[in-house]
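Trainee: one predicted model, sequence on top.
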Amino acid sequence: MALLPYLEANRIEAGCDEVGRGCLAGPVVAAAVILPADYENPWINDSKKLGKSQREELIEEIKYKSLDWAIAEATVAEIDQINILNASFLAMSRAIEMLKIKPEHLLIDGNRWKSKLEYSYSCIIKGDGKFASIAAASILAKVHRDQLMEDLATSFPHYGWESNVGYPTKTHREGIQKHGISPWHRKSFQLLPRQLDLGLQ
């Protein structure tokens, strides 16, 4: 079933989503996408429901067919300083600010939004499975972040980032327990059950 092209016709809407909130390592990445009102692609969907090859095929289409798009990050240091929720808002705000076309309304994935940007907005729970622009943003953000973590895995090979991209898998946590943390780990997160004695407390 095709996702909705817009919430309200005849206005410029930017779909916004973030990826990596639940990871133990790496930045949180957000994207903002403005699609044409008549855009249709049955394959555009929540990035979590698509395979890696499907996502990678779709990013070129999204970048080419969208009216505008942008990808931004909030760093590990920012996550540890202001918490992951606020860092997610920060990354999305940065992506929105990078758009060359100024949106008239934001479609935000989730149930909360906080920003210094003065745009009207709608928070849409599970919006990446409802609106094409939010789904497109989730795909761009996920492909960007996954590639970043796969690249980092070559320099930090102990954590399995090439496959878990920073999420708390058994391999990832075993790597932390055995080798300690990297500069890319979020020290404000519970990296190991009961915070084993790695100087993380």
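Mentor: Looks like it arrived, so ask away.
Trainee: and the contacts of the worst-scoring helix or strand of the chain on mean pLDDT?
Mentor: Every helix and strand of the chain was ranked by mean pLDDT, DSSP states H and E. The lowest is helix 52-65, at a mean of 89. With contacts defined as C-beta atoms under 8 Å, 6 or more residues apart in numbering, helix 52-65 is touched by 33, 35-36, 39, 41, 43-44, 47, 50, 69, 136, 139-140, 142-143, 146. Yep, even glycine has a C-beta here, placed from its N, CA and C like the rest.
Trainee: and with 6 Å instead?
Mentor: By C-beta atoms under 6 Å, 6 or more residues apart in numbering, the surrounding residues in contact with helix 52-65 are 47, 69, 136, 139-140, 143.
Trainee: quick one: it to chain centroid distance?
Mentor: 15 Å (C-alpha atoms, centre = their mean, to the nearest Å).
Trainee: likewise stretch 86-98?
Mentor: 10 Å.
Trainee: ok, stretch 43-50 next?
Mentor: The mean C-alpha position of stretch 43-50 is separated from the chain mean by 13 Å, C-alpha atoms, centre = their mean.
Trainee: now residue 75. Nearest residue, chain neighbours left out?
Mentor: residue 27 (5.3 Å; C-beta to C-beta, 6 or more residues apart in numbering).
Trainee: for the record, mean pLDDT for the lengthiest helix in the chain?
Mentor: Selection of the longest helix in the chain by residue count, based on DSSP state H, yields helix 132-155. What helix 132-155 shows for mean pLDDT is 96.
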